[in-house]
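[1] Any chance you can model this:
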Amino acid sequence: MNLQGRHALVTGGGRGIGRAVAAALSAAGAQVTVVGRTEKPLQEAAAAGHAQGWIVADVTQPEAMVDHMRVIETVRGPIDILVANAGGAVSAPFAETEPSQFREMFELNVMGVVHATQAVLGGMIERKSGRIVAIASIAGVRGYGYVSAYCTAKHAVVGLVRSLAVETAKTGVTVNAVCPGYTDTEMMREAVSNIVAKTGRSREQAEAAILKSTPMDRFIKPEEVAAAVLYLCSPVAAAVTGTTLMVAGGEN
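    Purely as a prediction, here's the structure:
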């Protein structure tokens with residue numbers, strides 16, 4: 001798992017899964033740059049030693065992403081590893097989900113991956129080496145009620161990964177997705193709080209309701225997702241491309 005000499009970029013790298021991924025890649029010897037829309041979490045990740053650099057950027061803005069990538073590569077060298085982690089979710093019954101919410105989920109969860117990938121893929125192909133990992137979700141391979149916009153977007157991420165992997169199979173670049181189940185992150189804790197507020201259930205009851213489809217009956221740790229990403233970014237995974245690696249406690 002030695003990533004010495006590799007430059008890794010992690011979008012949404014200031015919190016949750018992204019921060020755990022940055023920490024794992026950095027511990028393996030990679031030089032890590034974290035990207036996000038909020039400055040403070042990025043600074044904290046760097047201060048904790050999980051990243052060697054950070055930059056405030058919005059993955060939904062393609063021109064800005066290209067400009068930022070050029071700056072990053074000028075300062076820190078070519079990007080060898082991209083972990084496209086930035087994303088988000090909205091929850092509502094389908095009948096109450098506005099078209100704008102579908103577009104928002106698509107822009108953030110899908111086009112965010114597209115923009116970051118297009119900014120680095122050309123250089124990877126020229127160097128005949130690269131790793132691209134998209135953080136999708138178990139919601140990218142199965143359906144859930146009340147998150148139709150999110151599920152639609154994450155299914156699209158998985159489709160993008162599978163298609164791009166075929167297109168780049170002979171270039172030395174691998175493209176994969178990691179699909180976490182319910183993970184113990186700030187976003188999940190907020191979701192639990194929302195259930196408590198709307199239903200009057202206790203936190204324990206809300207968590208049990210969320211986990212009822214998970215055979216392991218527990219939340220996934222961000223570090224467990226990061227370990228899967230680390231494997232896909234490592235030299236030993238050179239023949240692994242186009243896959244969706246589940247880290248979902250037995251859900252499939």
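[2] what about the spatially most central residue of the chain, distance to residue 65?
    Geometric centre of the chain, nearest residue: residue 85, 2.0 Å, by Cα atoms, centre = their mean. Separation of residue 85 from residue 65 (Cβ to Cβ, to the nearest Å): 14 Å. Where C-beta positions appear, they are placed from N, C-alpha and C, glycine not excepted.
[3] Residue 124: helix or strand, and which one exactly?
    Following DSSP states H and E, one finds residue 124 within helix 112-127.
[4] And residue 8, by the same measure?
    In the assignment (DSSP H and E), residue 8 maps to strand 7-11.
[5] tell me the mean pLDDT over that strand?
    Taken as a whole, strand 7-11 has an average pLDDT of 98.
[6] Which other helices and strands does it contact?
    Judged by 3 or more Cβ pairs under 8 Å, 6 or more residues apart in numbering; DSSP states H and E, strand 7-11 is in contact with helix 16-27, strand 31-36, helix 62-76, strand 81-84, helix 112-127.
[7] and if we set it to 10 Å?
    If you count contacts as 3 or more Cβ pairs under 10 Å, 6 or more residues apart in numbering; DSSP states H and E, strand 7-11 packs onto helix 16-27, strand 31-36, strand 53-56, helix 62-76, strand 81-84, helix 112-127, strand 130-135, helix 222-233.
[8] Mind listing what's buried along the fourth one?
    Looking back up the chat, that one is helix 62-76. Under the neighbour-count criterion of 16 or more other Cβ atoms under 10 Å, helix 62-76 has 62, 65, 68, 69, 72, 73 buried.
[9] could I get those residues as TSV with distance to residue 126?
    TSV is the format used below for those (distance: Cβ to Cβ, whole Å):
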residue	distance to residue 126
62	20
65	19
68	19
69	14
72	17
73	12
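[10] Can you tell me which of the residues you listed is nearest residue 52?
    residue 72 (11.1 Å; Cβ to Cβ).
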